[in-house]
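S.K.: requesting a structural model of the entry that follows:
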Amino acid sequence: MIETRLLQYFLAVAEEQSITRAAEYLHITQPTLSKQMMELVHRYTLYLN
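M.R.: Just a heads-up that it's a prediction; the model follows:
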């Protein structure tokens with residue numbers, strides 16, 4: 001099952017249409033968010049455009 005945190009991060013990126021702006025919105029660093037998005041892709045075999 002998908003972790004709530006990862007889902008929140010994914011939704012923030014989708015809403016902001018930018019990892020940098022999503023990181024600012026979430027109050028985390030951009031590298032941290034990028035790493036979490038890669039984890040999401042690898043864990044759930046997602047393809048993000």
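
S.K.: dump the residue contacts of the nearest residue to residue 20 once chain neighbours are set aside.
M.R.: By the measure of CB to CB, 6 or more residues apart in numbering, the closest residue to residue 20 outside its immediate chain neighbours is residue 30, 5.2 Å from it. Quick note: C-beta positions are derived from backbone N, CA and C, even for glycine. Residue 30 makes contact with 19, 20, 23 under the criterion CB atoms under 8 Å, 6 or more residues apart in numbering.

S.K.: ok, residue 8 next?
M.R.: Taking CB under 8 Å, 6+ apart as the definition, contacts of residue 8 comprise residue 26.

S.K.: which parts of the one helix or strand residue 31 maps to are buried?
M.R.: Remark: residue 31 resides in helix 30-44, with elements defined by DSSP states H and E. Taking 16 or more other CB atoms under 10 Å as the neighbour-count basis, helix 30-44 is seen to contain the buried residues 33, 36, 37, 40.

S.K.: likewise for stretch 18-26?
M.R.: Of the residues in stretch 18-26, those scored as buried under the neighbour-count criterion (16+ other CB under 10 Å) are 19, 22, 23, 26.

S.K.: which one of those is nearest residue 4?
M.R.: Distance from residue 4 was checked for each of the buried residues of stretch 18-26 by CB to CB. The minimum falls on residue 26, at 13.0 Å.

S.K.: how about that closest one: what's its closest non-neighbour residue?
M.R.: residue 12 (5.4 Å).
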